[in-house]
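Asker: compute the structure for the input listed below.
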Amino acid sequence: MEHESTRGRAGAPAPRRETARGWYWLFLLPFFGTFFPWIYNTRDPELFGIPFFYWYQMAWVPISVLLTVIVYRATTKRGVR
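Answerer: Modelled structure (predicted):
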């Protein structure tokens, strides 16, 4: 018997998304990129006067967004409209 939460609105089984689970490994890049602060705990090189310690961490924000979009598009089945 199916669990109630796996059913759609009309009582029919909800469609399962086919995913490529390997894409989820990309989420580890931002984690390990900022996990070891002693690697990037330096002042040089500066970018527009901002020490490396700060701009390196802030660079991971758009990188993480980009990786999230890539993983989402790679793992979500989208139908033709």
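Asker: hey, let's count contacts and neighbours off CA atoms from now on
Answerer: OK.
Asker: which helices and strands sit right next to the helix or strand bottoming out on mean pLDDT in the chain?
Answerer: Here the helix or strand of the chain ranked lowest by mean pLDDT, DSSP states H and E is helix 37-40, holding a mean of 89. Counting contacts by 3 or more C-alpha pairs under 8 Å, 6 or more residues apart in numbering; DSSP states H and E, helix 37-40 packs against helix 52-75.
Asker: what's the closest non-adjacent residue to the residue nearest the centre of the chain?
Answerer: Taking C-alpha atoms, centre = their mean, the centroid of the chain lies closest to Thr68, which sits 3.2 Å from it. Distance criterion C-alpha to C-alpha, 6 or more residues apart in numbering; nearest residue to Thr68, sequence neighbours excluded, is Phe27 at 7.4 Å.
Asker: the one you found touches Leu66, doesn't it?
Answerer: No. Counting by C-alpha atoms under 8 Å, Phe27 stays clear of Leu66, with 10.6 Å between them.
Asker: ok, and what's touching the least confident helix or strand of the chain?
Answerer: If you take C-alpha atoms under 8 Å, 6 or more residues apart in numbering as the criterion, helix 37-40 is touched by Phe52, Phe53, Tyr56.
Asker: and of the residues you listed, the nearest to Asn41?
Answerer: Phe53 (5.3 Å; C-alpha to C-alpha).
Asker: not counting sequence-adjacent ones, nearest residue to Ile63?
Answerer: Pro30 (7.7 Å).
Asker: OK, contacts around the one you found?
Answerer: Trp60, Ile63, Ser64.
Asker: how near is the second one to Phe27?
Answerer: Shown here: Ile63 relative to Phe27, a distance of 10 Å by C-alpha to C-alpha, to the nearest Å.
Asker: same thing with the last one?
Answerer: Separation of Ser64 from Phe27 (C-alpha to C-alpha) stands at 8 Å.
Asker: between these two, which is the more surrounded one?
Answerer: Remark: of Ser64 and Phe27, Ser64 carries more neighbours, 17 against 13, as counted by other C-alpha atoms under 10 Å.
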